[in-house]
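1. Quick one, structure for this:
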Amino acid sequence: MEGAGMSYRSVRTKRDNQQWMLDLALNLKGRVQNFEADHPETPPGGRARNYRMYSKVWRQAGEHHESLARIAHQEGFRATAVEHYDQAIESFRFAQHSIFYDDHPVKIGLWDKINELVDQRSEVTAYPVERVEVPFEGQTISCLLHLLPDRRPAPCIIYTPGMDQTKESFPRPHRNLAVERGMHVLSMDGPGQGISNIKKIRAVGDMYEQAGRAVIDYLVERPEVDESRIGLFGISMGSYWSLRIADADDRIAAVASAVACFNPNNTLFTQASPRFKQMFMYMAGTDDETEFDRMASEMTTQGHLAAIRCPTLLATGEFDPLCPLEDALGAFAELETAKELWVVENQSHLLTNLPNLGGLDIHHYIMDWMHRALVEGRFADRRIAYVKENGAGPFSDCEWTPTVTENDAYF
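-> Numbers count the residues shown, from 1 in each chain. Below you'll find the model as predicted:
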């Protein structure tokens, strides 16, 4: 049995007494967060009856895809191998993420497997993928650099993952949306994420902003990167971190902040799944809930947006419980640069497989916006788009004037 005999930490948050509800939601609906979504958070055929089982079903899915990837690799079926490697890496990534304890041997073993498979995948990708270690605070920030096949000087997008993501989450080499549009991508394990948390580089204070600055320092020295066209793309908690980095460093040429979580101190740790607070306390490296609550109270973009000077895109679901629409409208109002806000009708926090976009993810359209801003040098200003379920997407004639003011609640 996985984890048998391990010494686990004691209950750490007041909301841990809701664990039975989390187990019930996973058992009945297959989800541990973002409960509005209809699709399960477990792999096909991998039903988990409670949260402790969650890691096992994902590990088993990873092992299946790993075996398929290795056979395809051996037979020279490179495209098939890449897709199975992507699925295996994502499955093992989910498996390790639900183990939020320092120095846990199962978690470390899963990371060893992820790293092995990332290197195997790089042998068969259609473009170069490099491991990058950016010096930071006496250690390094681990990154993956996805380069255009010809390595020509071009714009580069820094991807800041969400709380439940790592540098392996985006882009997926079997379909790299940025490379398809002529842009490099560097994905980072910022403080608290992935390998950074294994190294105990924690998500506290302004550590993420400092790590972002270090990554930019690295990129401006790369011959493949046009230093005047470095963009930021952040998803979920990464939407918060991307805006904070853009506030702290004026070398960013464009920022897209999507699947919004602009003010984590609002609903994320108090009203949403208790797993969010459990997870972020681990990412911050603290067992002191009172101290964490004090730190979380300062996690906001409010007061940090007016200094941003580059074109900025915000994108949110109309009914996202992690970013009430008034938070998004308030953030948009605070921006004093060229700016756009996309409000995706009737959607919540997961902006994937959207009926509003014909079944595509928001990522496709974000990359189109990035191409327009970084490659073509054009962008809209002070535009709010209401992306209807049966409409023509965010670039159509869908401008919207909210009927609420910045300080009103949205109903």
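2. all contacts plus neighbour counts: C-alpha atoms, from now on.
-> OK.
3. which regions of this protein lie under the pLDDT threshold?
-> Scanning the chain for pLDDT under 70 picks out the ranges 1-12, 403-411.
4. Farthest from the middle of the protein: give me that residue.
-> Distance from the C-alpha centroid of the chain, by Cα atoms, centre = their mean, peaks at residue 75 (33.5 Å).
5. Now do the domain split for this protein, please.
-> Domain assignment for the chain by automatic domain parsing gives 15-124, 128-411.
6. Neighbouring strands - and their directions - for whichever strand or helix holds residue 253?
-> Here residue 253 sits within strand 252-258, counting by DSSP states H and E. Strand 252-258 sits in its sheet next to strand 225-235 (parallel), strand 312-317 (parallel), going by DSSP bridges.
7. among those strands, which is the most enclosed?
-> Greatest average neighbour count among the strands paired with strand 252-258 goes to strand 312-317 (a mean of 27), per mean count of other Cα atoms under 10 Å.
8. Just the CA coordinates for the following helix or strand past that strand, please, in PDB.
-> Sequence-wise, the next helix or strand downstream of strand 312-317 (DSSP H and E) is helix 325-334. Below are the C-alpha coordinates for helix 325-334, written out as PDB (Å, rounded to 0.1, in the frame of the first residue of the first chain):
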ATOM      1  CA  LEU A 325     -16.700  39.100 -11.700                       C
ATOM      2  CA  GLU A 326     -16.400  42.200  -9.500                       C
ATOM      3  CA  ASP A 327     -12.800  41.200  -8.900                       C
ATOM      4  CA  ALA A 328     -12.100  41.000 -12.600                       C
ATOM      5  CA  LEU A 329     -13.900  44.300 -13.300                       C
ATOM      6  CA  GLY A 330     -11.900  46.000 -10.500                       C
ATOM      7  CA  ALA A 331      -8.600  44.700 -11.900                       C
ATOM      8  CA  PHE A 332      -9.500  45.900 -15.300                       C
ATOM      9  CA  ALA A 333     -10.400  49.300 -14.000                       C
ATOM     10  CA  GLU A 334      -7.100  49.600 -12.200                       C
END
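9. Show me what helix 325-334 is packed up against.
-> strand 312-317, strand 339-344 (3 or more Cα pairs under 8 Å, 6 or more residues apart in numbering; DSSP states H and E).
10. and the last one, which strands flank it?
-> Counting by DSSP bridges, the strands paired with strand 339-344 are strand 312-317 (parallel), strand 383-387 (parallel).
11. ok and the shortest one relative to helix 325-334, angle-wise?
-> Strand 383-387 runs at 150 degrees relative to helix 325-334, counting by axes from the mean of the first three to the mean of the last three Cα atoms, to 10 degrees.
12. now the helices for the stretch 101-250 of the chain?
-> Counting by DSSP state H, counting those that start in this stretch, the stretch 101-250 of the chain has helices at residues 105-122, 194-198, 207-219, 237-248.
13. can you list those helices in TSV and add mean neighbour count?
-> Shown next, in TSV, are the helices of the stretch 101-250 of the chain (neighbours: other Cα atoms under 10 Å):
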stretch	mean neighbour count
helix 105-122	17
helix 194-198	22
helix 207-219	20
helix 237-248	25
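14. Send over stretch 92-101 as CSV, restricted to the C-alpha atoms.
-> Output of stretch 92-101 as CSV, limited to C-alpha atoms (Å, rounded to 0.1, in the frame of the first residue of the first chain):
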residue,chain,number,x,y,z
PHE,A,92,2.5,11.1,-13.0
ARG,A,93,2.3,14.9,-12.3
PHE,A,94,-1.2,14.5,-11.0
ALA,A,95,-0.1,11.5,-8.9
GLN,A,96,2.6,13.4,-7.1
HIS,A,97,0.6,16.6,-6.7
SER,A,98,-1.8,15.1,-4.2
ILE,A,99,1.0,14.2,-1.8
PHE,A,100,1.7,17.5,0.0
TYR,A,101,4.3,16.4,2.5
